[in-house]
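[1] I would like the atomic coordinates for the input below:
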Amino acid sequence: MELEFFDTPQPFLDAAGDLLAADPVLGSVIASVTARTARELADGIDSWAEVGAPFQRWWVVVRGDRGDVVSAAMRTAPFKPYPSFSLPMSDEAARALAAALHARGEHLGGANGALPGAEVLARTTADLGGGELVVDKTTRLWECTEVAAPPAPEGRLRRATEDDAELVLAWFTDFHAEADEQAGREPDPDSGEHNTLDSILVRIREGVEWLWELPDGTVAHLSGSGLPTYGVVRIGPVYTPREHRGRGIASYVVGELTRRGLEAGHRMCLFTDQANPTSNKIYAALGYQPVVDMAEHLVSPPPRP
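    Residues are numbered from 1 along each chain as shown. All right, here's what the predicted structure looks like:
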């Protein structure tokens, strides 16, 4: 077993491509994030330069005894505690990755991804550095192969435009805060994905953000539907402000975007927070089936000497 690190996305994709293509739903997060980073760099954009993290972002592949790539992980999240994200990996590989990061003086403040490898990575990190491990959130990856979309509510589905950018940014922020509330967690403004107006504009220009507009022109809902990577499209975020809930808008929009994706020949997936029974019930009713359970772990910094 061997770890091979990369500090740029394309060489990693060249190395991990067969693994990601073999199970593209499971690898959708790593594949889509890495492909987006590669597109940015090709356009002369390096958003990581503005993050201010105390380390350089990285990707890693785990090679088996015959040299074949058997797992992968990345640390590219541009928000504290800059968690890693890993595909299923053996306990041996997870412990080796934790040891490699510890040896180079890099504290891994969070480890997200497939279980049990992500937990072993986080626990070993805590053991090596003297930090404390906390399971912050449990998530579930779902895939839909046949959708049962409900009837359309009043209104229309349209792509977000640049004029909608400030609203989309505000709703991205509200989505994360309210997701914590709905799951019974204390909202933490410093955790979770962080976006800027520039990053939202990139997503809007890619055509991946969708809005539901009521007959009077009021915008009542936001759903994302990413660009396909290895033939897989991931839905999210899905957000309806409180005053517009209960009309079936979210169910219809997710169902409709899923239908369009399937008809285009894509595989469709999304993540849910296991602590939110409402969203899990909605997506199951649409035809989504569980693929794998994941978790987000936090590792406190080691005590200062």
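[2] Flag every buried residue along the helix or strand bottoming out on mean pLDDT in the chain.
    Across the helices and strands of the chain, mean pLDDT, DSSP states H and E gives its lowest value to helix 165-182, namely a mean of 84. Residues of helix 165-182 classed as buried by neighbour count (16 or more other CB atoms under 10 Å): Ala165, Val168, Leu169, Trp171, Phe172, Thr173, Phe175, His176, Glu178, Ala179, Asp180. Just so you know, the C-beta spots here come from the backbone N, C-alpha and C atoms, and that holds for glycine as well.
[3] Mind giving me the packing neighbours of that helix?
    Counting contacts by 3 or more CB pairs under 8 Å, 6 or more residues apart in numbering; DSSP states H and E, the secondary-structure elements packed against helix 165-182 are helix 197-206, strand 219-225, strand 232-239.
[4] Could I get the phi/psi values of Trp59?
    Dihedral angles of Trp59 (phi, psi; degrees, to the nearest 10) stand at phi -130, psi 150.
[5] Could you find the closest non-adjacent residue to it?
    Here the nearest residue to Trp59 in space, its sequence neighbours aside, is Phe12; by CB to CB, 6 or more residues apart in numbering that works out to 3.8 Å.
[6] Am I right that that neighbour sits in a helix?
    Yes - with DSSP: H, G, I helix; E, B strand; the rest coil as the criterion, Phe12 is assigned to a helix.
[7] check contacts around it.
    Under the criterion of CB atoms under 8 Å, 6 or more residues apart in numbering, the contact list for Phe12 reads Phe6, Thr34, Trp59, Val61, Ala72, Met74.
[8] Spell out for me the ChimeraX command that would select the buried members of the residues you listed.
    Selecting the buried subset of those in ChimeraX, with 16+ other CB under 10 Å as the burial test, is done by:
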select :6,34,59,61,72,74
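[9] wait, which of the contacts of Phe12 is closest to Leu257?
    Thr34 (22.9 Å; CB to CB).
[10] Which helix or which strand is home to the closest one?
    helix 28-42 (DSSP states H and E).
[11] Buried residues in that helix, which are they?
    Ser28, Val29, Ile30, Ala31, Ser32, Val33, Thr34, Ala35, Arg36, Thr37, Ala38, Glu40.
[12] would you list these in a markdown table and tack on pLDDT and distance to Ala149?
    As requested, those are arranged in a markdown table below (pLDDT from 0 to 100; distance: CB to CB, whole Å):
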| residue | pLDDT | distance to Ala149 |
| --- | --- | --- |
| Ser28 | 95 | 21 |
| Val29 | 95 | 25 |
| Ile30 | 97 | 29 |
| Ala31 | 96 | 26 |
| Ser32 | 94 | 24 |
| Val33 | 95 | 28 |
| Thr34 | 97 | 31 |
| Ala35 | 95 | 28 |
| Arg36 | 92 | 28 |
| Thr37 | 95 | 33 |
| Ala38 | 96 | 33 |
| Glu40 | 90 | 33 |
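[13] Ala38 is in contact with Pro11, isn't it?
    No - look at Ala38 against Pro11 with CB atoms under 8 Å: they stay out of range, at 10.0 Å.
[14] Can you give the domain ranges for this structure?
    Using automatic domain parsing, the domain ranges for the chain come out as 2-140+294-299, 156-286.
[15] Could you tell me the least trusted of those domains?
    Comparing mean pLDDT across those, the weakest is domain 156-286, with a mean of 90.
[16] distance between the ends of it?
    Taking CA to CA, to the nearest Å, the span from the opening residue of domain 156-286 to its closing residue is 19 Å.
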